[in-house]
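> When you get a sec, could you give me coordinates for this:
(chains A and B)
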Amino acid sequence: MVLGIDTSCDDTSASVMESGRVLSNVVFSQIEHSKYGGVVPELASRDHIRNILPVTREALREAVVSLKDIDGIGVTYGPGLVGSLLIGMSFAKSVSLALEIPFVGVNHLEAHIFSLFMGRKINFPLIVLIVSGGHTELVLVEGEGEYRVLGSTLDDACGEAFDKVAGMLGFPYPGGGEVEKIAEKGERDAIDFPRAKLKGYDFSFSGLKTAVLYHIRKKPPSEKDIPDIAASFQEACVDSLVFPTLALSDRLNIRTIGVCGGVARNKRLRKKLNERAKGCKTFFPPPQFCMDNGAMVAGCAEFHLERGEFSPLTLKVNPSLTLPTQSP
Amino acid sequence: MVKSTLSHSEEETRAFGREIGKSLSNGDIVALFGELGAGKTVLVKAICEGLGIVEGVKSPSFTIIREYILPKSRQAANKVYHIDLYRVADPSAIFVREVYEYLRERNAIYMIEWADRIEHILPPDTIKIYMKIIDETVREITINHLNHHPSIS
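Below you'll find the model as predicted:
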């Protein structure tokens, strides 16, 4: 039975997993509970310190197990905010030492990929699009634990562009979800926002963000213009994600595509990818596993621990951790 | 001295950034001010290019700090901290303290986007760059005291 801990960014999460089965998955979101209306992310991470014990206790309680049933622990060691990562890391190392159980550091990006495998089997090779507030990466997964990044954003992450455009439209941070909601009432082709055309399989959202800004500056939108702007922006984002993904799928002749990360919840992205990916099998995690969560970390940790891949207690956090860009 | 320039294209902004990058040395703090879309990240990318970092520089809005290691051949400094305070509209005392601790070390080159959030803790020798949108392609870039960097002032 494995305990998975994630404190890489704003959320504190813990999950208990047994042989790929999620027994509990508790996420405490600092954003949802922020009394400031927006978010005040702390490099010092007071909130993680305050939350890690109650969140872990709750995860054990929901799984109806006690700490002594846990025989391995996994924790995100990067990428993320350094102060936040340190809290989870120190906690996991302490638990490992106290219970004399193995400990493994988990790459947050690999954990997102594992959110696709929860409760189902997907055949290799597959192409995975990781798309969230902090990441936009196109990864070739050739086999278990074999990753190669073939494309990534050159500037803003997709979810970040959503949050920034939300700010321009007057929604409080993080407003990406609000943009999706109000886009449902708008026309997708009302405004022809640019789709970045890049060589290879990289992404860019900065130009699109600026185009929305110019549009708003030129003619400050009235209440009734906002749905059209949101819908047109969202469509440009979705196209900017779908086209490189399908181009890579064609190029490599790989017809299995997974999408994970916070933006994988976006309904328009799901719909358009499914429409365009003719002859492909597409996979999305259930919504609760798209956002940062402990279950994906537990799943990833279980995989490594089963292979005997433990981390030393000297492991350091790595805020800039990536997945390999070369074949292993 | 304060120097104001008009950039008429993203390419001009990049060329300007590369020049700044070439003039930086270890411990320098570059603070960027300007609204969303003004081109702060574009300029930081170009400054990094000038320092010899050609890949992997992107917006750290979500993770707040990114760290880039400089190529060994460029001995300007060992690393660059790219800090982006967009999400920290209302920083608490502890947060500001944490950023202050980073800056106090002076063991890297620091680039700070949305620096208005922590302007009160910036040391007097901070290189401040203000970016203003004039129209869709034109940006006004104002830079304070670069007098210790004769190559561009």
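
> so where's chain B uncertain?
B:74, B:145-153 (pLDDT under 70).

> Can you list the residue ranges for strands in chain B?
Per DSSP state E, chain B carries strands over the ranges B:3-7, B:29-33, B:65-69, B:79-84, B:109-113, B:127-133, B:139-143.

> Ranking the ones you listed by mean neighbour count, which comes first?
Per residue and on average, the most neighbours among the strands of chain B fall to strand B:109-113, with a mean of 27 (mean count of other C-beta atoms under 10 Å in any protein chain shown). In this view, the C-beta of every residue, glycine as well, is placed from N, C-alpha and C.

> Neighbouring strands - and their directions - for that strand?
strand B:29-33 (parallel), strand B:79-84 (parallel) (DSSP bridges).

> Tell me if I'm right that A:Thr325 and A:Arg148 touch.
Yes: counting by C-beta atoms under 8 Å, A:Thr325 does reach A:Arg148; the two are 6.6 Å apart.

> buried ones in the helix or strand encompassing A:Arg148?
If you go by DSSP states H and E, A:Arg148 is part of strand A:146-152. Using 16 or more other C-beta atoms under 10 Å in any protein chain shown as the test for burial, strand A:146-152 gives A:Tyr147, A:Val149, A:Leu150, A:Gly151, A:Ser152.

> A:Cys280: neighbour count?
18 (other C-beta atoms under 10 Å in any protein chain shown).

> Quick check: B:Trp121 touching B:Glu101?
Not quite, residue B:121 is Ile, not Trp. No: contact criterion C-beta under 8 Å: B:Ile121 and B:Glu101 do not qualify, at 10.2 Å.

> With neighbour numbers in mind, choose between the two.
Neighbours per residue, other C-beta under 10 Å: of B:Ile121 and B:Glu101, the larger number sits with B:Ile121, 15 against 11.

> so who does that one touch?
Shown in contact with B:Ile121 (C-beta atoms under 8 Å, 6 or more residues apart in numbering or on different chains): B:Val96, B:Val99, B:Tyr100, B:Leu103.

> which of the residues you listed has the most neighbours?
When neighbours are counted by other C-beta under 10 Å, B:Val99 leads those with 24 neighbours.

> Just give me the neighbour total for the nearest residue to that residue once chain neighbours are set aside.
Using C-beta to C-beta, 6 or more residues apart in numbering or on different chains and skipping residues adjacent in sequence, the residue nearest B:Val99 is B:Ile118, 5.6 Å away. Other residues lying near B:Ile118 total 19 when counted by other C-beta under 10 Å.

> coming back round to it: strand partners of the strand holding A:Arg148, parallel vs antiparallel please.
Strand A:146-152 pairs in its sheet with strand A:136-143 (antiparallel), by DSSP bridges.

> Tell me the buried residues in the partner strand?
Within strand A:136-143, the residues that count as buried by 16+ other C-beta under 10 Å are A:Thr136, A:Glu137, A:Leu138, A:Val139, A:Leu140, A:Val141.

> likewise stretch A:17-29?
So stretch A:17-29, judged by 16+ other C-beta under 10 Å, has buried residues A:Met17, A:Glu18, A:Gly20, A:Val22, A:Leu23, A:Ser24, A:Asn25, A:Val26, A:Val27, A:Phe28.

> Can that stretch be said to contact chain B?
No: using C-beta under 8 Å from any C-beta of the partner chain, stretch A:17-29 never reaches chain B; the gap is at least 14.2 Å.

> now that stretch, how far from the centre of its chain.
Centre-to-centre, stretch A:17-29 and its host chain are 16 Å apart (C-alpha atoms, centre = their mean, to the nearest Å).

> who's in contact with the residue nearest to the spatial centre of chain B?
Centroid check for chain B by C-alpha atoms, centre = their mean gives B:Met111 as the closest residue, at 3.5 Å. For B:Met111, the contact set (C-beta under 8 Å, 6+ apart) comprises B:Val30, B:Leu32, B:Val44, B:Ile47, B:Cys48, B:Val80, B:Tyr81, B:His82, B:Ile83.

> separation between the third one and A:Leu321?
This means B:Val44. According to C-beta to C-beta, to the nearest Å, B:Val44 and A:Leu321 sit 21 Å apart.

> who's more crowded, those two?
Counted by other C-beta under 10 Å, B:Val44 and A:Leu321 do not tie: B:Val44 has more neighbours, with 28 against 19.

> Once you drop chain neighbours, what's closest to that one?
B:Met111 is the one closest to B:Val44 (C-beta to C-beta, 6+ apart), at 5.1 Å.

> who in the stretch 201-328 of chain A is up against chain B?
A:Ser206, A:Lys209, A:Thr210, A:Leu213, A:Tyr214, A:Arg217, A:Pro319, A:Ser320.

> residue ranges of the strands in the stretch 201-328 of chain A, please?
Counting by DSSP state E, counting those that start in this stretch, the segments of the stretch 201-328 of chain A that form strands are A:256-260, A:281-283.

> Could I get the ones you listed in JSON lines, plus columns for mean neighbour count and mean pLDDT?
Below are the strands of the stretch 201-328 of chain A laid out as JSON lines (neighbours: other C-beta atoms under 10 Å in any protein chain shown; pLDDT from 0 to 100):
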{"stretch": "strand A:256-260", "mean neighbour count": "23", "mean pLDDT": "98"}
{"stretch": "strand A:281-283", "mean neighbour count": "15", "mean pLDDT": "98"}
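
> got those as a markdown table, with distance to A:Ala157 columns?
Listed next are the strands of the stretch 201-328 of chain A as a markdown table, based on distance: least, C-beta to C-beta, whole Å:
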| stretch | distance to A:Ala157 |
| --- | --- |
| strand A:256-260 | 14 |
| strand A:281-283 | 21 |
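
> of all the ones you listed, which lies closest to A:Gly177?
strand A:256-260 (16.7 Å; C-beta to C-beta).

> who are the neighbours of whichever helix or strand A:Ile182 is part of, in terms of helices and strands?
When elements are assigned from DSSP H and E, A:Ile182 belongs to helix A:176-183. Here helix A:176-183 touches helix A:158-168, helix A:226-252, helix A:267-276, going by 3 or more C-beta pairs under 8 Å, 6 or more residues apart in numbering or on different chains; DSSP states H and E.

> Which residue comes closest to residue 68 once chain neighbours are left out?
Because you didn't say which chain, this covers chain A. Nearest one to A:Lys68, counting by C-beta to C-beta, 6+ apart, is A:Leu99 at 7.1 Å.

> meant chain B, my bad for not saying
In space, B:Tyr68 is closest to B:Val80, 4.5 Å off (C-beta to C-beta, 6+ apart).

> just to revisit the earlier point, and of the strands of the stretch 201-328 of chain A, who's closest to A:Glu58?
Taking C-beta to C-beta, strand A:256-260 is the member of the strands of the stretch 201-328 of chain A nearest to A:Glu58, at 24.4 Å.

> CA atoms of the closest one as CSV?
Taking C-alpha atoms only, strand A:256-260 is exported to CSV below (Å, rounded to 0.1, in the frame of the first residue of the first chain):
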residue,chain,number,x,y,z
THR,A,256,-3.2,6.4,-29.3
ILE,A,257,-3.4,9.8,-27.7
GLY,A,258,-3.7,10.7,-24.1
VAL,A,259,-4.4,14.2,-22.7
CYS,A,260,-3.8,15.0,-19.0
